[in-house]
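A.B. asks: Give me a model of this one.
(one chain, ligands or ions: 1)
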Amino acid sequence: MGLQEKVIYQIYVKSFMDSNGDGLGDIRGITMKLDYLRKLGVDYLWLTPVFVSPMNDNGYDVADYYAVDPSFGTMEDLDELIAETKKRGMDIMLDMVFNHTSTEHEWFRKAMAGDETYRNYYIFRKGSGGKPPTNWVSKFGGNAWEYVEDSDDYYLHLFDRTQADLNWDNPEVRKELYKVVNFWLDKGVKGFRFDVVNLISKPSVFEDDQDGDGRRFYTDGERIHEYLKELNRNTFGKREDIITVGEMSSTNIDNSIRYSNPEEEELSMIFNFHHLKVDYDAGNKWTLKPFDFIELKTIFNDWQSAMERHQGWMALFYNNHDQPRVVSRFGNDSVYRTKAAKMLATSIHLMRGTPYIYQGEEIGMTNAGFSNIEEYRDVESINYHGILRAEGLSEEETLAILRERSRDNARTPMRWTNEKGFGFTEGEPWIPFGNGERINAEDDQNHGESVNHHYRKLIELRKSHPVIASGSFRMLDLDHEHVYAYIREYEGKRLLVVNNFYGETLNYSLMEAMGPEGPVFDGTEDYTLLLSNYDDILMENRAITLRPYESLALYIE
Ligand code: TEU
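C.D. replies: The predicted model follows:
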């Protein structure tokens, strides 16, 4: 099976399944749920970082790349998980956090003790006039430089102050990181996600950003393609069938083509986030704005078309551990929850790229709905709570923003059953379960409206219909304010996908459907229904009545 047919499932380990009653998800918990995942039909399990970490950013602050954090289990547990996953025809993808390490990593400790070799593993710079080297802003709020009294200088941290950026310009650092990848390859790991990997190449001169937060100086930096090619050559490029995905922060299409076109020998595919900023107000995550549907479609269209034209490959996703739940965000989390969850799934899975399912998405889990700052755990949410309050917002206004935007929306525990602890834990969960409490995997599967069942069908279709894995993409009716429709085409076979993104019923006439080159249907076509989230299809004279959140995939002959 080629890359194009595969589907990846993301596990946020801390919130997936707790096997020992301490309230934290763990590796053995994942092993317990492998049959559930096999039944869903996914091919790869991406685990968020399981390495030794002080957990200031839930494992994205790695203190030892070669050992499992005791809160998640042991190396034996991980070996067992890798083996049991393979037995079921799936593979493991690990999360490599190489832009920074935890300040508790041995390298950083040595650097702080004044060891010059290790100081050169990180980015230390002098400030001037009592001010940090640049005015860059950390992604989690505040200045991106931390002062060190002993050496009277600063180290760079694009994320939390306990996540110090590594100096990729130092060849020794690169060698150390390649060793890490090779260690995990030798253990039978077949995939890697590289965290914020397009931020690793920093500029040679550090200067203030007069117009922004500094990102333009280090995003897709000067030597980024050189570093990715070198990483590829020295690690996974030498092995068979390894899948890699780079998480690309604020990247652009041109660079993404280079990252993912197989001829460039960098990565298999990229994550980009432009489509998940269509509800940001002028790029600001912390100002609420309803999502801009036309902008969403425009971004999909631009990326799908350009990646196809230049043989790039991208991840298809709405959810991950950093994003609010899409059913609450672009869909409906009340009466039409299951319809909207299925419609959103169809809309993304049938595009060109590799679909990622984030745990709980396949049962239509919703945002957390926390109403008190005490319920939040994420460092970013807690920091921004302080920042927004200091800017003069009331507690109520601040909580309203967090309720929509917090990363904790995605991090509430997976709900397996209706029992106490939702089958996730027998103890106290590390984070509250949040609202939407009826939703759980067991009930969902015994339900006529099972969201899980819909995901299973989507995965099956990708494997049985080459047009989904390999077809071209053409957007229809880009300016339609309610419908997201597109056509996939491969070897003369055409697939039409029509999604009503809203709760109102409307008429969608195929005879009036416009592609980039004009009308797409001449009235002689036959349509076979492949997938729907309703029991029937209302089509008359080639016009479809689309009910709330209705979604259809039709084969055209
Ligand atoms: O995230 C990168 C990132 O920049 C965003 O997802 C960010 O967390 C968000 O947009 C801020 O509003 C990756 C990981 O996925 C995330 O969990 C880590 O916290 C981060 O890198 C640092 O390792």
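A.B. asks: Now the residue nearest the centre of the chain: closest residue in space, sequence neighbours ignored.
C.D. replies: For the chain, the residue nearest the mean C-alpha position is Asn320 (3.9 Å; C-alpha atoms, centre = their mean). What sits nearest to Asn320 in space, not counting adjacent residues and going by C-beta to C-beta, 6 or more residues apart in numbering, is Tyr358, at 5.2 Å. The C-beta positions use only the backbone N, C-alpha and C, and glycine is treated the same way.
A.B. asks: Quickly find the element holding the residue nearest to the centre of the chain.
C.D. replies: Here Asn320 sits in a region with no helix or strand, counting by DSSP states H and E.
A.B. asks: and the gap between it and Leu185?
C.D. replies: 24 Å (C-beta to C-beta, to the nearest Å).
A.B. asks: Kindly report the same for Phe98.
C.D. replies: Phe98 is 15 Å from Leu185, by C-beta to C-beta.
A.B. asks: can you list the residues of the stretch 351-500 of the chain near the ligand?
C.D. replies: Residues of the stretch 351-500 of the chain found near the ligand (C-beta under 6 Å from any ligand atom) are Glu380.
A.B. asks: Chain neighbours aside, what residue packs nearest to Ile387?
C.D. replies: In this structure, Ile387 finds its nearest non-sequential neighbour in Gly141, 5.1 Å apart by C-beta to C-beta, 6+ apart.
A.B. asks: circling back to that earlier point, could you check which of Phe98 and Leu185 is surrounded by more residues?
C.D. replies: Phe98 (25 against 17; other C-beta atoms under 10 Å).
A.B. asks: Just to check, His321 is in contact with Asn409?
C.D. replies: No: between His321 and Asn409 there is no contact under C-beta atoms under 8 Å: 9.8 Å.
A.B. asks: Neighbour count: the two, which is higher?
C.D. replies: Asn409 (28 against 22).
A.B. asks: per-residue confidence for that one?
C.D. replies: Looking at Asn409, its pLDDT reads 98.
A.B. asks: Which residues are in contact with it?
C.D. replies: 323-325, 328, 367-368, 403, 434 (C-beta atoms under 8 Å, 6 or more residues apart in numbering).
A.B. asks: Assumed it was part of a strand.
C.D. replies: No: counting by DSSP: H, G, I helix; E, B strand; the rest coil, Asn409 is not found in a strand; it is helix.
A.B. asks: Tell me the residue of the stretch 201-350 of the chain that sits nearest the ligand?
C.D. replies: Relative to the ligand, the nearest point of the stretch 201-350 of the chain is Asp322 (3.7 Å; C-beta to the nearest ligand atom).
A.B. asks: Which phi and psi values does that residue adopt?
C.D. replies: With angles defined as degrees, to the nearest 10, Asp322 sits at phi -110, psi 0.
A.B. asks: So it sits against Arg411, correct?
C.D. replies: No: counting by C-beta under 8 Å, Asp322 stays clear of Arg411, with 9.2 Å between them.
A.B. asks: Have a look at those two and say which one is more surrounded.
C.D. replies: Counting neighbours by other C-beta under 10 Å for Asp322 and for Arg411 shows that Arg411 has the greater number, 24 against 18.
A.B. asks: got the contact list for that one?
C.D. replies: 12, 14-15, 58, 321, 368, 377-378, 431.
A.B. asks: Can you give me the buried ones in stretch 206-215?
C.D. replies: 206, 214-215 (16 or more other C-beta atoms under 10 Å).
A.B. asks: which among the residues you listed gets closest to Asn272?
C.D. replies: Arg215 (13.9 Å; C-beta to C-beta).
A.B. asks: which one is the closest one nearest to, not counting chain neighbours?
C.D. replies: Ser250 (5.6 Å).
A.B. asks: give me the number of residues near the one you found?
C.D. replies: Neighbour count of Ser250, defined by other C-beta under 10 Å: 16.
A.B. asks: helix, strand or coil for it?
C.D. replies: Going by three-state DSSP: Ser250 is coil.
A.B. asks: Identify the residues contacting it.
C.D. replies: Contacts of Ser250 by C-beta under 8 Å, 6+ apart are 215, 219, 273.
A.B. asks: ok, now which ones touch Ile387?
C.D. replies: 141-142, 286.
A.B. asks: Pretty sure Arg161 is one of the things His100 touches, is it not?
C.D. replies: No: the criterion here is C-beta under 8 Å, and His100 misses it with Arg161 at 10.6 Å.
A.B. asks: circling back: for the residue nearest to the centre of the chain, what are phi and psi?
C.D. replies: phi -160, psi -170.
A.B. asks: any idea how far it is from Trp46?
C.D. replies: 9 Å.
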